[in-house]
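Enquirer: Based on what follows, work out the 3D shape:
(one chain, ligands or ions: 2)
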Amino acid sequence: VLPSAVALVPAAGLGTRLGAGPPKALRLLAGEPLLTHAVRALAAARLVEQVVVAAPPGDEAQVQALVPEALVVTGGDTRTASVAAALAAADPAYDVVLVHDAARPLVPPELVDAVAVTVLEGAAQAVVPALPVADTIKRVDGAGLVLETVERADLRAVQTPQGFRRAVLAEAHARAAGLPATDDAGLVERLGITVLTITGHDDAFKITRPADLDFAEALLAGRRARA
Ligand code: CTP
Ligand code: MG
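Expert: Ligands and ions are numbered 1, 2, ... in the order given. This next block holds a predicted model:
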């Protein structure tokens, strides 16, 4: 068992909400694909030794050329299937597995290490970065009528990378059986295993809509101006 981590990168999504164009992981930010930024941030983390990318089906060769240091596998129809494909290809010698969205290209390497070290130290078998939510959140019914206002102080928006003991993530995916899940921690919760949150980072935000790309461009320009 190695005292470091392997990072899985689901990158096979279409980016439908971003509008027409290539798969989201291949869209450009400051002239480079989102995937390139994301893999660079993971590789810059001290505790990440292997990176496995789940590529859009048909784009495997292009993805491999972009990230020659990574192991590239074919992604699936859902994010969960893409993560499962990457996990199956990862070196089983790593006891700690991180899962990081290609759509979060500006994650600070320090956050990656913070998640990995929290799992490695045994604080929990599953660790997710999370931030308080800014908006008030309400539960509604199908007609849009408000059922309740959820206590905002109890809510967190979760990010990636999410970190797991390998066996826990493998068991969670083995039992996922096509059930919808938007993150891996959600699958682990279904096993009854406790998931620990640590403080996330604003820069780990997910690129979902076109304005998110504009925001990322500005954030990166600011970083480069300060460097
Ligand atoms: N993802 C994946 N395989 C899928 C679907 C999503 O690997 N079949 C990945 C995406 O590439 C992304 C991450 O999961 O890095 C988060 O998903 P999301 O933000 O929903 O990206 P997309 O599915 O590409 O976007 P959209 O839902 O707008 O189509
Ligand atoms: Mg999606």
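Enquirer: Who are the packing partners of the single longest helix found in the chain?
Expert: Longest helix of the chain, by residue count under DSSP state H: helix 210-226. Counting contacts by 3 or more C-beta pairs under 8 Å, 6 or more residues apart in numbering; DSSP states H and E, helix 210-226 packs against strand 28-29. To be clear about C-beta, it is placed using only N, CA and C from the backbone, and glycine gets the same treatment.
Enquirer: The strand it packs on near ligand 1 anywhere?
Expert: No - using C-beta under 6 Å from any ligand atom, strand 28-29 never reaches ligand 1; the gap is at least 13.1 Å.
Enquirer: in its sheet, what does whichever helix or strand comes after that strand sit against?
Expert: Using DSSP states H and E, the helix or strand that follows strand 28-29 towards the C-terminus is strand 32-33. If you go by DSSP bridges, strand 32-33 pairs up with strand 28-29 (antiparallel).
Enquirer: So what's the gap between the partner strand and the chain middle?
Expert: Counting by C-alpha atoms, centre = their mean, to the nearest Å, strand 28-29 is centred 18 Å from the centre of its parent chain.
Enquirer: List the contacts of it.
Expert: With contact meaning C-beta atoms under 8 Å, 6 or more residues apart in numbering, strand 28-29 is reached by 34, 37, 105, 207, 213, 216, 217, 220.
Enquirer: So the first one is in contact with residue 22, correct?
Expert: It stands for residue 34. No - applying C-beta atoms under 8 Å, one finds residue 34 not in contact with residue 22, separated by 10.4 Å.
Enquirer: neighbour-wise, which of these two wins?
Expert: Set residue 34 next to residue 22 and count neighbours by other C-beta atoms under 10 Å: residue 34 wins out with 26 against 15.
Enquirer: Residue 8 versus that one, what's the distance?
Expert: Plainly put, residue 34 is 16 Å away from residue 8 if you go by C-beta to C-beta, to the nearest Å.
Enquirer: now swap in residue 78 and tell me
Expert: Distance, residue 78 to residue 8, using C-beta to C-beta: 14 Å.
Enquirer: Pick out whichever of these two has more residues nearby.
Expert: Set residue 78 next to residue 8 and count neighbours by other C-beta under 10 Å: residue 8 wins out with 32 against 17.
Enquirer: so who does the more buried one touch?
Expert: Residue 8 makes contact with 52, 54, 83, 86, 87, 90, 97, 98, 99, 100, according to C-beta under 8 Å, 6+ apart.
Enquirer: Sort out which of those are in strands and list them.
Expert: 52, 54, 97, 98, 99 (DSSP state E).
Enquirer: so which of those comes closest to ligand 1?
Expert: residue 54 (4.9 Å; C-beta to the nearest ligand atom).
Enquirer: Settle this for me: the closest one is touching residue 80, isn't it.
Expert: No - Residue 54 lies out of contact with residue 80 (C-beta under 8 Å); the separation is 10.7 Å.
Enquirer: and these two? which has more neighbours close in?
Expert: Legend: neighbour count by other C-beta under 10 Å for residue 54 and residue 80, higher for residue 54 (29 against 23).
Enquirer: and that one, what are its bridge partners?
Expert: Beta bridges link residue 54 to residue 10, residue 73, judged by DSSP bridges.
Enquirer: ok, residue 186 to ligand 1 distance?
Expert: 13 Å (C-beta to the nearest ligand atom, to the nearest Å).
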